[in-house]
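**Q** This is a predicted model, with the sequence first.
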Amino acid sequence: MSEQNKNLLKMILSKGATERLGRVRVVKPELATQLEAYMLQLFQSGKIKGEVSEEQLKTILEAVSSQKEFKILR
């Protein structure tokens, strides 16, 4: 991720949201990358007006992670 994108994320995420994103990155780095890209897209489209709280980040995280499909092989 570019330095500019990292700075944008620091601006739009609250301290709690930044910490949660860091914890997600430890467990699922690909999900954290996807979430960061989605957050930047929301910010650039004007859908994020102020700072994103940890609760709002949880909601966005649930939406992003629910888009995945699971395939059970037997």
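**A** It's in.
**Q** Okay, now the unreliable bits of this protein?
**A** Scanning the chain for pLDDT under 70 picks out 1, 67-72, 74.
**Q** which ones are touching the residue most central in space within the chain?
**A** In the chain, the centroid-proximal residue (CA atoms, centre = their mean) is L35; its distance is 3.0 Å. Shown in contact with L35 (CB atoms under 8 Å, 6 or more residues apart in numbering): 21, 24, 57, 60-61, 64. Using the backbone N, CA and C atoms, a C-beta is placed for each residue, glycine as well.
**Q** Could you save these as a markdown table and add columns showing secondary structure and distance to L40?
**A** Formatted as a markdown table, the contacts of L35 follow (DSSP: H, G, I helix; E, B strand; the rest coil; distance: CB to CB, whole Å):
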| residue | secondary structure | distance to L40 |
| --- | --- | --- |
| L21 | helix | 12 |
| V24 | helix | 15 |
| L57 | helix | 13 |
| I60 | helix | 12 |
| L61 | helix | 15 |
| V64 | helix | 13 |
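**Q** CSV for those residues, including neighbour count and distance to E30?
**A** Below are those laid out as CSV (neighbours: other CB atoms under 10 Å; distance: CB to CB, whole Å):
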residue, neighbour count, distance to E30
L21, 19, 13
V24, 19, 10
L57, 21, 17
I60, 17, 16
L61, 20, 13
V64, 15, 11
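**Q** Which one of the residues you listed is nearest to L9?
**A** L21 (7.8 Å; CB to CB).
**Q** Excluding chain neighbours, what is closest to the closest one?
**A** Using CB to CB, 6 or more residues apart in numbering and skipping residues adjacent in sequence, the residue nearest L21 is A32, 6.1 Å away.
**Q** right, and that neighbour touches R25 too?
**A** Yes. The pair formed by A32 and R25 meets the contact definition of CB atoms under 8 Å, at 3.8 Å.
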